[in-house]
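1. Build me a model from this:
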Amino acid sequence: MQVYLVGGAVRDALLNRVVTERDYVVVGATPQAMLDKGYTQVGKDFPVFLHPKTGEEYALARTERKSGTGYTGFICDASSSVTLKEDLMRRDLTVNAMAQDEHGNIIDPYHGQSDLESRVLRHVSEAFSEDPLRVFRVARFATRYAYLGFTIADETLALMQNMATSGELKALTAERVWQETKRSLLEQTPDVFFTVLNEVHGLSDWFTEIERDIQTPIATLKAAVDLTSTSNENADANTTLTTRFTAMLSHLTDDEAKSLCTRLKVQNQVSEIVLLACKFKGVLIKTDNTPNDLLDLFNGCDAWRRGERFSLLLTAFAPYARAKNIDWSRQSKHIQQALAVANQVNVQDIIATGVKGPEIKKALNQAKLNAIASLRE
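-> I've put the predicted structure just below:
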């Protein structure tokens, strides 16, 4: 039994990047042999085991043969006769098809080190086209390593285009597509992800609403990157993700945005900000809003009970507003002031005047309108 460090850990170490997780491949072993050594089996489709002390993943060397559509239609052979070279051959890119033995020696049968030096993302074999998820994975790798000057090999781009136009991307699950998208949106240059997909015609199945005018969402995404990497240096990943994704979709109608978010199964904490931005963008960028306009905004966003969400909406909407040449610092400050004074209205004070039943809501809204109007005085 021989154990090798494989994939991303080898690649990133050679690029002098921080290695955050390590995966290992085991050659010449059986599932029972792994269990006998105390490993815990977790893989169902193919044998993957967790180390009894470190918890790191150890997978038996395997080969895969296409047996159906999508990214799950494979027959796996993880017998003890599978060699390291055969295991590495099934991987997507040459830079991901390297291994390292216990002595630190690099095993590189598909010239991944050469492609690292040349800054090229190149597929290992024609079997690349058997897994449609790789179109999105390569776009993500191009995004992650764009700052180092990496580009995609022409022959790999051609394969990706053939895969996209074949209709196989439709067989992917929304969860997998969104996962690749989400991870790309958190990179330094997330626009590369969508630029690559557009180049290989990979947007039509999952990003239909932005494909027809891709330059607009890319421009606002770039603006969002500038914003989240400067003024919001301490923003958490959710704020960054929400701001960047909202920036991309704010030009859509709320129905279009809802359709895209539903198709991708975007998590609610992100999609609800996108939908609010698209629904209320007219009010948000209108510099001469009436008290009624602002009250409708606050009621529609439930800003009274969801104050943190409303604050996130204002943050996420900034790139789109600035693209429309709105002084967003001033505009958002005005909106926040209006909300603050409206929030000072106490419903108990209204009830104390003798107002009852349905009239309470009317009186409450009127009091809030008066409070907002007082800002102009």
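2. number of nearby residues for G38?
-> Neighbour count of G38, defined by other Cβ atoms under 10 Å: 11. Bear in mind the C-beta positions are built from the backbone N, C-alpha and C, glycine included.
3. Quickly note the distance from it to K53.
-> Going from G38 to K53 by Cβ to Cβ, to the nearest Å gives 9 Å.
4. hey, where'd the strands end up in the protein?
-> Taking DSSP state E to define them, one finds strands in the chain at 2-6, 23-27, 40-41, 48-50, 57-60, 63-66, 74-77, 99-100, 106-107, 120-121, 151-152.
5. Low-confidence regions, this protein specifically.
-> For the chain, applying pLDDT under 70 flags the ranges 66-74, 230-235, 377.
6. hang on, isn't S80 packed against A29?
-> Yes: the criterion here is Cβ atoms under 8 Å, and S80 meets it with A29 at 6.0 Å.
7. Those two: which is more packed in?
-> Using other Cβ under 10 Å as the criterion, S80 and A29 rank with A29 on top: 21 against 14.
8. how about the spatially closest residue to the more buried one that is not a sequence neighbour, what does it touch?
-> Setting aside the residues directly before and after it, A29 is nearest to M1 in space (Cβ to Cβ, 6 or more residues apart in numbering), at 4.4 Å. Residues near M1 by Cβ atoms under 8 Å, 6 or more residues apart in numbering: 26-29, 33.
9. again, only using 7 Å
-> M1 sits next to 26, 28-29, 33 when contact means Cβ atoms under 7 Å, 6 or more residues apart in numbering.
10. And it, how close does it get to A59?
-> M1 is 13 Å from A59, by Cβ to Cβ.
11. Likewise for C301?
-> Distance from C301 to A59, by Cβ to Cβ: 47 Å.
12. out of the two, which sits in the busier spot?
-> C301 (24 against 19).
13. The more buried one touches L313, doesn't it?
-> Yes: the pair C301 / L313 is scored as a contact, 6.5 Å apart, by Cβ atoms under 7 Å.
14. Give the intersection of the neighbour lists for the two.
-> Shared contacts of C301 and L313, counting by Cβ under 7 Å, 6+ apart, come down to L276.
15. do you know how far the residue nearest to V266 when sequence neighbours are not counted is from K265?
-> Of all residues not flanking V266 in the chain, W178 sits nearest, at 6.2 Å (Cβ to Cβ, 6+ apart). Plainly put, W178 is 6 Å away from K265 if you go by Cβ to Cβ.
16. between these two, which one's more packed in?
-> W178 (19 against 12).
17. any idea how far the more buried one is from G112?
-> For W178 relative to G112 (Cβ to Cβ), the value is 28 Å.
18. quick revisit: how about the residue nearest to V266, what does it touch?
-> Neighbours of W178 in contact, by Cβ under 7 Å, 6+ apart: 264-266.
19. can we see that at 10 Å?
-> 136, 206, 261, 263-267, 270 (Cβ atoms under 10 Å, 6 or more residues apart in numbering).
20. Centroid-nearest residue for this structure?
-> K182 (0.6 Å; Cα atoms, centre = their mean).
21. Leaving out the residues flanking it, which one is nearest to that residue?
-> Nearest to K182 is L241, by Cβ to Cβ, 6+ apart, at 6.2 Å.
22. swap in L284?
-> Using Cβ to Cβ, 6+ apart, the nearest residue to L284 is F317, at 5.6 Å.
23. doesn't H251 make contact with the one you found?
-> No: contact between F317 and H251 fails when scored by Cβ atoms under 10 Å: they sit 11.7 Å apart.
24. With neighbour numbers in mind, choose between the two.
-> F317 (27 against 21).
25. Enumerate every residue touching that one.
-> Contacts of F317 by Cβ under 10 Å, 6+ apart are 243, 246-247, 250, 273, 276-278, 280-281, 284-285, 326, 328, 331-332, 335.
26. List only buried entries from these.
-> 243, 246-247, 250, 273, 276-278, 280-281, 284-285, 326, 328, 331-332, 335 (16 or more other Cβ atoms under 10 Å).
27. Now the phi/psi pair for E21, please.
-> phi -150, psi 150 (degrees, to the nearest 10).
28. Okay, it and A340: tell me how far apart.
-> 45 Å.
29. ditto for Q100
-> 58 Å.
30. Which of the two has more residues huddled nearby?
-> The neighbour count for Q100 versus A340, taken as other Cβ under 10 Å, is higher for Q100 (19 against 12).
31. Now the more buried one: closest residue in space that isn't a chain neighbour?
-> L5 (4.4 Å).
32. got a list of what the one you found touches?
-> L5 neighbours (Cβ under 10 Å, 6+ apart): 13, 19, 22-25, 56, 98-102, 104, 106-107.
33. just R122 next, same as before
-> Per Cβ under 10 Å, 6+ apart, neighbours of R122: 92-95, 97, 110-112, 114-115, 128, 138, 152-156.
34. which of those count as buried?
-> 92-95, 97, 110-112, 115, 128, 138, 152-153, 156.
35. Out of the residues you listed, the closest to R306 would be?
-> V138 (38.6 Å; Cβ to Cβ).
36. Please tell me how far the closest one sits from R322.
-> On the measure of Cβ to Cβ, V138 and R322 end up 32 Å apart.
37. What of S204?
-> From S204 to R322 the distance is 29 Å (Cβ to Cβ).
38. ok, the residue lying closest to I326 once chain neighbours are set aside - contacts?
-> Among residues not flanking I326 along the chain, I285 sits closest, at 5.1 Å (Cβ to Cβ, 6+ apart). Neighbouring residues of I285 by Cβ under 10 Å, 6+ apart: 250, 317, 320-326, 328, 331.
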